[in-house]
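Colleague: Turn this into a structure:
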Amino acid sequence: MKRWLGMWIVVLALPAAGCQSPTDPDDLVQFDDAADVTVVPSPVIADTATGGRTYRVVRGNNQPDDILAYDWHAVFTTSLSLNNNASNKDVDVSFPIRITSTTVVVKQASGGIVTAPTGGETEKYEFVISASSGNSVAAINTPITTTFEVWYDLPSLRREAVITVSFAFVDKDNATFTKTVDVTVAP
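Modeller: All right, here's what the predicted structure looks like:
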């Protein structure tokens with residue numbers, strides 16, 4: 001009985017294995033390939049922060065917190081659009097596609113390489129979107145421009161940084177997608 005059961009499993013598995021061929025990962029088109037983001041200027045030149053933006057450093061042990069001004073201020077504009085890959089069946093998006101959120105993360109860098117702070121220190125930053133042409137991509141090759149202002153302070157005390165901007169999307173059929181771009185801030 002065990003012998004017959006084993007033969008049936010082999011016989012049933014053979015046709016299924018013969019009908020399918022593995023998909024070459026290089027042939028798949030992902031959403032990341034369908035979304036283009038350009039940054040102006042590139043690289044970004046940060047200036048000395050002015051305007052009173054501050055952050056709090058909690059000292060603990062009954063010591064008063066420090067309120068410090070950000071050292072640097074960077075302004076840049078992104079232009080995001082979907083290219084012809086968005087119509088590929090692998091991507092499977094339904095227009096319009098709406099931007100649901102953006103996030104910014106600032107990391108200190110040297111020579112364009114992210115250098116993690118040591119000794120428990122962290123990068124301090126905040127951002128605002130000071131202008132945007134909209135939040136909905138109606139079709140292929142219809143860009144949305146967004147201007148970001150970023151204030152930051154780094155443990156290295158230098159201005160050079162890598163700013164990662166992430167966009168989250170939802171399409172007409174409630175499918176969700178993300179796209180990230182690294183923005184280089186010159187030394």
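
Colleague: mind listing what the longest strand seen in the chain pairs with, with the direction of each?
Modeller: The longest strand of the chain (DSSP state E) is strand 97-110. Strand 97-110 sits in its sheet next to strand 113-114 (antiparallel), strand 136-137 (antiparallel), strand 161-170 (antiparallel), going by DSSP bridges.

Colleague: which parts of it are buried?
Modeller: 97, 99, 102, 104, 106, 107, 108, 109 (16 or more other Cβ atoms under 10 Å). Just so you know, the C-beta spots here come from the backbone N, C-alpha and C atoms, and that holds for glycine as well.

Colleague: is it true that residue 138 touches residue 95?
Modeller: Yes. Using Cβ atoms under 8 Å, residue 138 is in contact with residue 95, at 6.1 Å.

Colleague: give me the low-pLDDT residue ranges for this protein?
Modeller: Within the chain, the stretches with pLDDT under 70 are 1-29.

Colleague: which residues in it form strands?
Modeller: 35-40, 47-48, 54-57, 66-69, 72-82, 97-110, 113-114, 124-132, 136-137, 144-153, 161-170, 176-185.

Colleague: what separates residue 97 from residue 137, distance-wise?
Modeller: Computed as Cβ to Cβ, to the nearest Å, the residue 97 to residue 137 distance reads 5 Å.

Colleague: which residues do the two both contact?
Modeller: 82, 169 (Cβ atoms under 8 Å, 6 or more residues apart in numbering).

Colleague: show me what contacts residue 146?
Modeller: By Cβ under 8 Å, 6+ apart, the residues touching residue 146 are 77, 78, 80, 102, 129, 131, 132, 133.

Colleague: what's the distance between residue 181 and residue 121?
Modeller: 26 Å.

Colleague: out of these two, which sits in the more crowded spot?
Modeller: residue 181 (16 against 12; other Cβ atoms under 10 Å).
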